[in-house]
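>>> from the sequence below, what's the structure:
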Amino acid sequence: MEVAHHHTYRKVSAMDHNTVLVTVYCLIDDWLQTQPRLRARGRAPRLKDSEVLTMEVVGELLSIETESGLFKYFRRHYAAWFPQMRHITRTTFTRQMANLRWMKERLWQHLLSQLDMDPTLSVVDSFPVPVCRFARAYRCKRLRAWAAWGYDDVLGQRFLGLRAHVRIAFPGVITALALYPANEHDRWAAEDLLVGAQGWVLGDTNYWSPTLRDTLARQGAILLAPRKTSVKRERHPWPPWLTQARRRVETVIGQLVERFHAKRVWARTPHHLCSRWLRKILCHTFAVFLCQQAELASPLQFALLMDD
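Model prediction:
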């Protein structure tokens with residue numbers, strides 16, 4: 001994809017799909033030029049890495065979550081923009097996306113450094129990620145080494161799969177994510193999720209733990225998590241502004257589930273699972289960045305970012 005770099009990503013407003021595509025490509029291609037060479041030997045792939053990463057990010061923004069769906073969409077609608085798409089197979093395309101897993105993580109960390117956020121106010125939460133339908137659970141072989149039985153509080157039933165643990169920085173930037181078996185308690189996953197956290201950390205009753213509180217205090221973080229009790233409180237122990245800040249993570253999780261289909265696990269191996277999840281997190285971070293550049297009222301107003 002050959003485009004002139006006029007730094008159109010410095011200031012954007014509501015954009016059509018083509019403008020989003022060019023903006024994301026310019027951002028990624030400029031960043032890749034500052035990075036060390038990815039491949040030390042061998043023939044370069046037909047598609048540039050910046051082209052593949054662009055298709056992944058824009059495809060997720062358009063709610064296309066599968067590799068085959070991405071391949072078919074861009075080959076059909078953007079073959080003139082990505083002419084090498086006519087000369088590669090879907091398998092080659094999928095393999096290149098999976099091999100760019102570490103590049104996605106580095107790009108995500110680069111974007112985090114460009115965002116306007118408050119790293120001293122973090123919120124943590126988790127949500128279930130089933131690997132199959134309940135009726136098929138006993139014969140499901142997908143991610144068998146990782147999947148475990150857990151409980152979905154929203155649906156009120158057991159499920160086989162994982163739990164995605166998310167940490168955000170205010171006003172809604174995903175700064176860490178971890179996938180654990182569904183039977184792993186939130187308190188234990190939080191030890192890895194909150195490494196390096198500073199300032200205030202907000203969590204629900206699942207994160208209440210004197211041991212976790214003391215561990216975080218030694219690294220300069222203060223854990224605020226209500227103690228689980230059978231006594232029904234007449235009012236929430238936190239002030240309203242703190243409660244609203246805590247609910248911001250629910251908005252982010254809702255976007256991951258609804259817009260990015262985070263509960264649909266199509267991967268059969270941990271390698272492809274990590275690649276797909278990094279694609280979702282990278283896309284969410286890109287969307288927050290573009291919303292901030294467009295000076296929207298909230299950096300989570302993704303629906304106002306793109307013209308349909």
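>>> tell me which stretches of the stretch 1-150 of the chain form strands.
118-130, 148-152 (DSSP state E, counting those that start in this stretch).
>>> what are the boundaries of the strands in the stretch 201-308 of the chain?
Counting by DSSP E, counting those that start in this stretch, the strands of the stretch 201-308 of the chain are 221-224.
>>> hmm, residue 280 is touching residue 259, no?
No. With contact defined as CB atoms under 8 Å, residue 280 does not reach residue 259; the gap is 9.3 Å. Bear in mind the C-beta positions are built from the backbone N, C-alpha and C, glycine included.
>>> between those two, which has more neighbouring residues?
residue 280 (23 against 19; other CB atoms under 10 Å).
>>> which one is that one nearest to, not counting chain neighbours?
residue 260 (4.6 Å; CB to CB, 6 or more residues apart in numbering).
>>> can you tell me the number of residues neighbouring that neighbour?
Using other CB under 10 Å: residue 260 sits among 22 other residues.
>>> how much space between it and residue 56?
Counting by CB to CB, to the nearest Å, the separation of residue 260 from residue 56 is 12 Å.
>>> which neighbours do these two have in common?
Listed contacts common to residue 260 and residue 56 are residue 283; contacts here mean CB atoms under 8 Å, 6 or more residues apart in numbering.
>>> tell me the pLDDT at residue 192?
Listed pLDDT for residue 192 reads 88.
>>> give me phi/psi at it?
Note on residue 192: backbone dihedrals following degrees, to the nearest 10 are phi -80, psi -40.
>>> how much space between it and residue 170?
21 Å.
>>> more neighbours: which of the two?
residue 170 (18 against 11).
>>> give the contact list for the more buried one.
Here residue 170 is in contact with 117-118, 121-123, 245, 248 (CB under 8 Å, 6+ apart).
>>> make it 10 Å
Neighbouring residues of residue 170 by CB atoms under 10 Å, 6 or more residues apart in numbering: 117-123, 199-200, 202, 245, 248-249.
>>> out of those residues, who's the most crowded?
Counting neighbours by other CB under 10 Å, the top entry in the contacts of residue 170 is residue 122, with 26 neighbours.
>>> and the closest residue to that residue other than its chain neighbours, how many residues sit next to it?
Nearest residue to residue 122, sequence neighbours excluded (CB to CB, 6+ apart): residue 201, at 4.9 Å. Per other CB under 10 Å, the neighbour tally for residue 201 reads 24.
>>> now swap in the one 10 residues further on and tell me
Using other CB under 10 Å, residue 211 has 9 other residues around it.
>>> ranges for the helices of the chain?
17-32, 49-61, 67-77, 90-99, 101-114, 186-193, 210-218, 240-258, 270-293 (DSSP state H).
>>> now the phi/psi pair for residue 154, please.
phi -70, psi -50.
>>> surely it touches residue 128?
Yes. Between residue 154 and residue 128 a contact is recorded at 8.0 Å, counting by CB atoms under 10 Å.
>>> who's more crowded, those two?
Set residue 154 next to residue 128 and count neighbours by other CB under 10 Å: residue 128 wins out with 20 against 7.
>>> tell me the contacts of that one?
Here residue 128 is in contact with 150-155, 158-164, 182, 257, 263 (CB under 10 Å, 6+ apart).
>>> bridging across strands, which residues link to it?
residue 163 (DSSP bridges).
>>> any idea how far residue 39 is from it?
From residue 128 to residue 39 the distance is 38 Å (CB to CB).
>>> equivalent analysis for residue 218, please.
Counting by CB to CB - residue 218 and residue 39 are separated by 42 Å.
>>> before we move on, what about residue 180?
Taking CB to CB, one finds residue 180 at 32 Å from residue 39.
>>> of those two, which one has the most company?
Comparing residue 180 with residue 39 by other CB under 10 Å, the one with more neighbours is residue 180, at 21 against 10.
>>> partners of the more buried one in the sheet?
residue 163.
>>> isn't it right next to residue 166, touching?
No. Between residue 180 and residue 166 there is no contact under CB under 10 Å: 11.8 Å.
>>> just checking, residue 25 touches residue 286?
No. Residue 25 lies out of contact with residue 286 (CB under 10 Å); the separation is 11.4 Å.
>>> which neighbours do the two share?
By CB under 10 Å, 6+ apart, the residues touching both residue 25 and residue 286 are 57-58.
>>> which residue packs closest to residue 198, ignoring adjacent ones?
residue 220 is the one closest to residue 198 (CB to CB, 6+ apart), at 5.1 Å.
>>> contact partners for residue 144?
131, 160, 268 are the contacts of residue 144 under CB under 10 Å, 6+ apart.
>>> just give me the closest of these to residue 77.
residue 268 (27.9 Å; CB to CB).
>>> so who does that closest one touch?
Residues counted as contacts of residue 268 (CB under 10 Å, 6+ apart) are 131, 141-144.
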